[in-house]
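*Asks:* need coordinates for the below:
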Amino acid sequence: MSSSLNKYPHFELLEIEPELNLKFKKYKALSPLRKGDVAPALTFANDFNAWRQFLNGAGNNIHLSARQLLSKPLVISFYSHHWKNEGLDFITRLSEINTGIKANGGNHLVITEGRSSELEKAAWDNNLTLNFYFDATGKLAEAFGVFDVNSPVWERFSGIDAHVPFLANFVVTPYNQVVFSHSNWNADQPLQTGELLDAVYKASVDLNARKSA
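*Replies:* Residues are numbered from 1 along each chain as shown. Okay, the predicted model is just below:
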């Protein structure tokens, strides 16, 4: 029987060359805008394909401008179908308070990563009434601090396998001030729709007071 000592060639540890070209992963902690922060200037693509409106589940193309949307306090919601059931609950609830947002003097826009069959099905099956804008590059989500390619959500949440923003709502005044902020980053703090609607109402009253001054 041959000895195992002769099975492999002899080498010195000094012959091993260390790998010096290791690339360390960059990490950027997400920091969503908070109440009192100044929101980024909003710009939207001048393209009907970047927009989708649903009225009681039926879809049609629209085109809105930042000037139209910011003529009143604007509720900006970030959503992705990749959040599955949690995401569906999110936009269903937004659809339920959409009328309340308008009644309190505000506008509402949901921002998602792009047109998809999942979005069309969710809207139809759940009778949604919402306006969507497709932020394919994640530029707006990044500006609001809810998305960064170096901080994928799957590192914090299980069941997510795509680069998407986390679910979030902001109320922004026509003067670019954030007066309400909420996200699912802290799962133990659910959205209080009453607080959101109250922020819209107060911002609307303040806006009308400024106009009449």
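
*Asks:* where do the strands of the protein begin and end?
*Replies:* Ranges of strands in the chain, per DSSP state E, are 51-55, 58-60, 74-78, 107-112, 130-134, 168-172, 178-183.

*Asks:* ok, the last one: who's next to it in the sheet?
*Replies:* Yep, that's strand 178-183 we're talking about. strand 168-172 (antiparallel) (DSSP bridges).

*Asks:* and the partner strand, how far out from the chain middle?
*Replies:* 10 Å (CA atoms, centre = their mean, to the nearest Å).

*Asks:* angle of it against strand 107-112?
*Replies:* Interaxial angle, strand 168-172 versus strand 107-112 (axes from the mean of the first three to the mean of the last three CA atoms, to 10 degrees): 140 degrees.

*Asks:* only the buried residues of strand 168-172, if you could.
*Replies:* If you call a residue buried by 16 or more other CB atoms under 10 Å, then strand 168-172 has these buried ones: A168, N169, F170, V171, V172. Bear in mind the C-beta positions are built from the backbone N, C-alpha and C, glycine included.

*Asks:* for stretch 157-168, same thing?
*Replies:* Here stretch 157-168 shows I160, H163, V164, P165, F166, L167, A168 as buried, counting by 16+ other CB under 10 Å.

*Asks:* right, and the third one touches H82 too?
*Replies:* When you say that, I think you mean V164. Yes - between V164 and H82 there is a contact under CB atoms under 8 Å: 4.9 Å.

*Asks:* what would the strands of the chain look like in a markdown table with mean pLDDT and distance to W124?
*Replies:* Conversion of the strands of the chain to a markdown table gives the following (pLDDT from 0 to 100; distance: least, CB to CB, whole Å):
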| stretch | mean pLDDT | distance to W124 |
| --- | --- | --- |
| strand 51-55 | 95 | 8 |
| strand 58-60 | 93 | 8 |
| strand 74-78 | 97 | 19 |
| strand 107-112 | 96 | 16 |
| strand 130-134 | 96 | 12 |
| strand 168-172 | 97 | 23 |
| strand 178-183 | 95 | 27 |
